[in-house]
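Q: structure of the sequence below:
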Amino acid sequence: MLDLAIIIVNYNTRSLLRDCLRSIYASQGDIAFEVCVVDNASTDGSAEMVRTEFPQVRLIESDHNGGYAYANNLGLRSFGFTDSIANLQFPNLHFLPRYVLLLNPDTVLPPDALVEMMAFMDARPDAGVVGPKLVRPDGSLDLACRRSFPTPEVSLWRMLGLNKLFPRSRRFGRYNMTYLDPDELTEVDSVVGAFMWVRREAILQVGLLDEAFWMYGEDLDWAKRIKDAGWRVWYNPTVTVLHVKEAASRHSSRARKEFYRAMVIFYRKHYAATTPFWLHWLILGGIALKGALDIGHRTLRGQWRRIAASGTEGTT
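A: Next comes the predicted model:
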């Protein structure tokens, strides 16, 4: 029986993907796992690198970039998971892996990560999801590795910037739970899809990722559906994973637009029906304004960089 299915969605991150795969296959412990790389129509030779250097990897080459949820679902379906919860009726589920790990290609695992996370989940049969402590290359904490759900109240504090002004406040710092010790084992609302370890039975109960999310938000949505179904979600800092972060999306204007679109989708799906009228429009207006300012600023900054670069080229 397969203990773990590792699904990596890749888009033009060949070198980082190579490092990630090397770290996986250097893992310690007696774990039966299989890796599936879903390549989202990369143009940098990522798929060829996987075929040549890691022939043991299950490679799925999408003919288009359908987004993060779409690609992960391709991987999940390749291991036997479906959109229907009918699988719960099967008396024998041994044809499915016991756990699934959604992993970004810009991560590097320590040798004991897989065995430690499996032991953690095996000891907690009511745990549906677990994530590790994620650190950036400079050693700082990736704040997204432990989160509260963006309820209307939490979203309001974040849009007003109060989470940054009062990061230690249990009220204002709830989005990224910045009031907690980064090394404290904690039950949380969600972990991030860069490393999201999920129990088979939780997936069978709630279904696959929601492909309405192209990028961002799908991990939060999955965690909420899993928690709403009665499972617990944990942040486990005894495992520390390196995360470069946004390696494939940092230069993508569409990724920034999708970031704010995901906010709207998540809010409408989970909170809009119970939000007062005045707060409903304040939230939607705040997302629109914040998104416009962010994207506008990034566009102008990119234009100035191109102008500066062309000026430098003209002097050489």
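Q: and residue 43, which of the three is it?
A: coil (DSSP: H, G, I helix; E, B strand; the rest coil).
Q: for residue 128, same thing?
A: strand.
Q: now do the same contact list for it.
A: By C-beta atoms under 8 Å, 6 or more residues apart in numbering, the residues touching residue 128 are 198, 199, 201, 202, 226, 227, 229, 231, 232, 233. Just so you know, the C-beta spots here come from the backbone N, C-alpha and C atoms, and that holds for glycine as well.
Q: can you show me the strands along the chain?
A: 4-10, 33-39, 58-61, 99-103, 107-108, 127-135, 186-187, 195-199, 232-243 (DSSP state E).
Q: quickly run through the sheet partners of the second one, with directions.
A: Read that as strand 33-39. According to DSSP bridges, strand 33-39 forms sheet pairs with strand 4-10 (parallel), strand 58-61 (parallel).
Q: and the angle from that strand to strand 99-103?
A: Per axes from the mean of the first three to the mean of the last three C-alpha atoms, to 10 degrees, the angle that strand 33-39 makes with strand 99-103 is 40 degrees.
Q: how distant is strand 33-39 from the center of its chain?
A: Computed by C-alpha atoms, centre = their mean, to the nearest Å, the chain-centroid distance of strand 33-39 equals 16 Å.
Q: so what's the residue most central in space within the chain closest to, chain neighbours aside?
A: Per C-alpha atoms, centre = their mean, the C-alpha nearest to the average position across the chain is that of residue 193, at 1.7 Å. Nearest non-adjacent residue to residue 193, counting by C-beta to C-beta, 6 or more residues apart in numbering: residue 219, 3.4 Å away.
Q: how about TSV for the strands of the chain, with mean pLDDT and distance to residue 276 added?
A: Listed next are the strands of the chain as TSV, based on pLDDT from 0 to 100; distance: least, C-beta to C-beta, whole Å:
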stretch	mean pLDDT	distance to residue 276
strand 4-10	98	38
strand 33-39	98	41
strand 58-61	98	45
strand 99-103	98	35
strand 107-108	98	40
strand 127-135	98	31
strand 186-187	96	29
strand 195-199	98	32
strand 232-243	98	28
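Q: got the ones you listed as JSON lines, with distance to residue 26 columns?
A: Converted to JSON lines, these look like this (distance: least, C-beta to C-beta, whole Å):
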{"stretch": "strand 4-10", "distance to residue 26": "13"}
{"stretch": "strand 33-39", "distance to residue 26": "13"}
{"stretch": "strand 58-61", "distance to residue 26": "19"}
{"stretch": "strand 99-103", "distance to residue 26": "14"}
{"stretch": "strand 107-108", "distance to residue 26": "10"}
{"stretch": "strand 127-135", "distance to residue 26": "16"}
{"stretch": "strand 186-187", "distance to residue 26": "28"}
{"stretch": "strand 195-199", "distance to residue 26": "16"}
{"stretch": "strand 232-243", "distance to residue 26": "13"}
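Q: any chance of the contacts of residue 128 in CSV, plus neighbour count and distance to residue 159?
A: Output for the contacts of residue 128, formatted as CSV (neighbours: other C-beta atoms under 10 Å; distance: C-beta to C-beta, whole Å):
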residue, neighbour count, distance to residue 159
198, 26, 30
199, 21, 33
201, 17, 36
202, 23, 31
226, 22, 26
227, 20, 23
229, 13, 29
231, 20, 29
232, 16, 29
233, 24, 24
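Q: of these, which is the nearest to residue 149?
A: residue 227 (8.3 Å; C-beta to C-beta).
Q: excluding covalently adjacent residues, which one is nearest to the closest one?
A: Spatial nearest neighbour of residue 227, excluding adjacent residues (C-beta to C-beta, 6+ apart): residue 233 at 5.8 Å.
Q: next up, the contacts around the one you found.
A: By C-beta under 8 Å, 6+ apart, the neighbours of residue 233 are 127, 128, 129, 130, 187, 188, 189, 190, 191, 223, 226, 227.
Q: show me which of those residues are buried.
A: By neighbour count, with 16 or more other C-beta atoms under 10 Å, the contacts of residue 233 hold 127, 128, 129, 130, 188, 189, 190, 191, 223, 226, 227 as buried.
Q: residue ranges with poor pLDDT in the stretch 1-150 of the chain?
A: When residues are selected by pLDDT under 70, those of the stretch 1-150 of the chain lie in 84-93.
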